[in-house]
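[1] Model the structure of this input:
(chains A and B)
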There are 2 protein chains.
Amino acid sequence: MENNIIEPRTLAGFMELLPSEQILFNQMKDTIEGVYKSYGFLPLDTPIIELSEILLAKAGGETEKQIYRFTKGDNDLSLRFDLTVPLAKYVAKNYGNLSFPFRRYQIGKVYRGEKPQKGRYREFYQCDIDVIGDGELDISNDAELLNVIYTIFTKLGFNDFTIRINNRKILNGLFEEIGQKENAEEILRIIDKIEKIGKEAVIKEFKELGVSENAINKINSFIEITGTTEEKLAKLETIAQNETYQSGINELKEVIKKVGLFGVPQQNYEIDLTIARGLDYYTGTVCETFLNKYKELGSVCSGGRYENLAGNYTNKKLPGVGVSIGLSRLFYKLNELGLINASQKSISKLLIIPMAENDTILKKATELANNLRALNINTEVYLSNKKLKAKMKYADKLEIPYIIVIGEDEINTKTIKIKNMATGEEQEAELDAAIVAKKIEL
Amino acid sequence: MENNIIEPRTLAGFMELLPSEQILFNQMKDTIEGVYKSYGFLPLDTPIIELSEILLAKAGGETEKQIYRFTKGDNDLSLRFDLTVPLAKYVAKNYGNLSFPFRRYQIGKVYRGEKPQKGRYREFYQCDIDVIGDGELDISNDAELLNVIYTIFTKLGFNDFTIRINNRKILNGLFEEIGQKENAEEILRIIDKIEKIGKEAVIKEFKELGVSENAINKINSFIEITGTTEEKLAKLETIAQNETYQSGINELKEVIKKVGLFGVPQQNYEIDLTIARGLDYYTGTVCETFLNKYKELGSVCSGGRYENLAGNYTNKKLPGVGVSIGLSRLFYKLNELGLINASQKSISKLLIIPMAENDTILKKATELANNLRALNINTEVYLSNKKLKAKMKYADKLEIPYIIVIGEDEINTKTIKIKNMATGEEQEAELDAAIVAKKIEL
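    Now for the predicted structure:
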């Protein structure tokens, strides 16, 4: 009707992939989901829109600025900016209907109106697991989640990665010891930057904050602790003695021991006393995961333990531990580095090409296709009335692994040729789904 | 910090399921996705937020009123209200990078600010497939999509359903014949209501619209055509002769013939001349799917053919055909009718219970669990330090099919007991994942 063409475009900061990239993205997502399920985590799917009052109960600062918030009718609404706040609401709301420890996974889009830049998205997938206890939650669960992280990155094809583990109580105890409790957040923020800006710059920032020489030395000797896990733990003991600090060390020891017991190889985890996740709500175990050859990626999976998940929505004490993978960013970065490769252009294993558009041929072609699908082989039938060359070009362009052309001859002789499109090789087979399936599944 | 408890609640019209319901919902979603993939449809995942200018290029009326629209920074944004408009944008934008016919599926949430009522959601899942041609698209594709619908509902466990098929050109040709072209939309809207309000009321509405007695008779004899498919087609021929009408009949004949050729049993499809999908943009084949014993559900899967998908975004002619399942509503209705049953409370097949929290036991328990997971058996380890009774209660409540208790004895004798929680039966087995897997997979 109108010739007014609107330029088709997608908002900056919103990922929209080509089919081959989407296939790869979904494979990664399915791998993560598969591992979560293999550990028995229950699926959850909460709304993307919630009342602002609910979502922003605890938020503030950056989060509040970045949020997508709007009114519809009388409702003040927001798009979720993570999957943890909706989980807190969900557990408080459905407390009586859940079995504890409540173990759930959720994979879904979240929204943050950050300044878009390469690899930073405004709409992105988070893949979360959390275990929520009713009143208490054994620290073994912290160790198990680290085991889940190990399984995922191994399944994604990585070997050289390290899960770095710390405990917030150790940091809090340290700050208590040096009389810097009120500066804790700020000090954590500064420590977090040490890999980026270096030791000198960190010390300078401590001084500007008004931290005493003595305290700075203590912090320094703390973050400079090196050695094997055992050596680190031994040195840690000497730095402070207060109860928070000691309880942090005990928890860390326990987690470290159990991560090993649960089967994570020693080279895939270590104590890192600079891991703080300062801006988050963690109160015990904290962890980050790094691909050792690509540390510039930042942490690819982070999380930790929190004393009380849903304090804004219930008086019940619900401690939990969880980890999260920011899949959209991870996908973008791995793709950019060439560590993953969107090479699969089709999800069909086989394309059946009817030689001509006549009833007998179409019937046989679709019958074979239906039977192959029933045998779990993704099968496409080429249904446009084009020249054979155009049909072959389609298979070529999508790199469909196998093709079968069906014409009168094939139907009369009950024999077809299965062409391997990568090698060009052809093998003869009976016109029978089970036989075809066997040949192409080899 | 604060004792201000905010009541945890979810917005009206937003589905949020308990875990057992979510498991069932996901199974349905996975079935649909599995069928889409088995036909070789490519996955797509477009943003939920788009520029309003893009999303509302064609919209108007009801759609525009229902939309979630807001500004963020300088951008006028909207949440997608279907998956077709984003597809049109996507195909226009990525035209050069796609292979045609472009076959894609997309399963995702869409948003419509309707008055919430039972089974009507403001956030709901649509499961779409479309085939888009470049310039032209063979009508065989229309028939294939009906075959996909057949496969899905069969796989979902239904047998007694009918795909009702019509062609918009027949309707348009009829209106042309009776000089009611300009009232076409309104007449279609009235015909659509015939099952609800009855023939008399429909005739009354036609009169109010100013349709002549003669024309009403013609419409009546048209929608009253009955008989077998062949009889219907024969009677149709007699009612009008213009080109649009005849071309509609020819297309309908072709689709009906091919649906049969492609393997859909005769009892699962029929011609229904009252199917119009009046408010949509269809131009040829249209279809709706009804569960015959539960017609009050309305159509559970609808779609059709459109001349030109992306006319708002490109001058390229891109005809297509697609069908869509409104999964959230379908799930709600089937659940309400008791046709599906959220009976599975856990996705774990097996719970391993360490008798005590000591290192040797935990190590063996998690080792067995890891090995079972590697054999694709979803396995959970109970990790809270409770009494055995509390641990068993957890397995009971979640109805986990099997449990294995591991203590010192089991480790020393290398023998465990696998308890079937439904029957109470116990079978002895070696403490070995492959053996355990075999026993519980029987």
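[2] Going by C-alpha atoms from here, please, whenever you check contacts or count neighbours.
    Will do.
[3] Please enumerate the strands of the stretch 101-250 of chain A.
    Assigned by DSSP state E, counting those that start in this stretch, the strands in the stretch 101-250 of chain A fall at A:102-111, A:123-132, A:161-167.
[4] Three-state assignment for A:Phe70, please.
    For A:Phe70, the assignment made with DSSP: H, G, I helix; E, B strand; the rest coil gives strand.
[5] now A:Glu270
    Once three-state DSSP is applied, A:Glu270 turns out strand.
[6] burial of it, as a residue count?
    17 (other CA atoms under 10 Å in any protein chain shown).
[7] Can you name the residues that contact it?
    A:Thr162, A:Ile163, A:Arg164, A:Ile165, A:Thr229 (CA atoms under 8 Å, 6 or more residues apart in numbering or on different chains).
[8] For the first one, give me its contacts.
    A:Thr162 makes contact with A:Gln267, A:Asn268, A:Tyr269, A:Glu270, A:Thr289, A:Phe290, A:Leu291, A:Asn292 under the criterion CA under 8 Å, 6+ apart.
[9] ditto for A:Asn370
    Neighbours of A:Asn370 in contact, by CA under 8 Å, 6+ apart: A:Thr379.
[10] Could you list the domains of chain A?
    A:19-182+A:222-336, A:350-441 (automatic domain parsing).
[11] most neighbours per residue, which of those?
    For the domains of chain A, the largest average neighbour count (mean count of other CA atoms under 10 Å in any protein chain shown) is found in domain A:19-182+A:222-336, namely a mean of 19.
[12] average pLDDT across it?
    Averaged over domain A:19-182+A:222-336, pLDDT sits at 94.
[13] so how far is it from its chain's centroid?
    Between the centre of domain A:19-182+A:222-336 and the centre of its chain there are 11 Å (CA atoms, centre = their mean, to the nearest Å).
[14] now do the same end-to-end measure for that domain.
    Start-to-end span of domain A:19-182+A:222-336 (CA to CA, to the nearest Å) is 17 Å.
[15] Could you say which helix or strand holds the residue nearest to A:Gln266 when sequence neighbours are not counted?
    With sequence-adjacent residues excluded and distances taken as CA to CA, 6 or more residues apart in numbering or on different chains, A:Gln266 is closest to A:Gly260, at 6.8 Å. A:Gly260 belongs to helix A:243-261 when assigned by DSSP states H and E.
[16] So which elements touch that helix?
    The contact analysis (3 or more CA pairs under 8 Å, 6 or more residues apart in numbering or on different chains; DSSP states H and E) places helix A:243-261 against helix A:140-155, strand A:161-167, helix A:168-177, helix A:229-239, helix B:359-374.
[17] and the shortest one, which strands flank it?
    Here strand A:161-167 is paired, per DSSP bridges, with strand A:269-271 (parallel), strand A:285-291 (antiparallel).
[18] Can you lay out those strands as CSV showing distance to B:Val131?
    Shown next, in CSV, are the strands paired with strand A:161-167 (distance: least, CA to CA, whole Å):
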stretch, distance to B:Val131
strand A:269-271, 48
strand A:285-291, 40
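[19] among the ones you listed, which is nearest A:Glu357?
    For the strands paired with strand A:161-167, the distance to A:Glu357 is smallest for strand A:285-291, at 53.3 Å, taking CA to CA.
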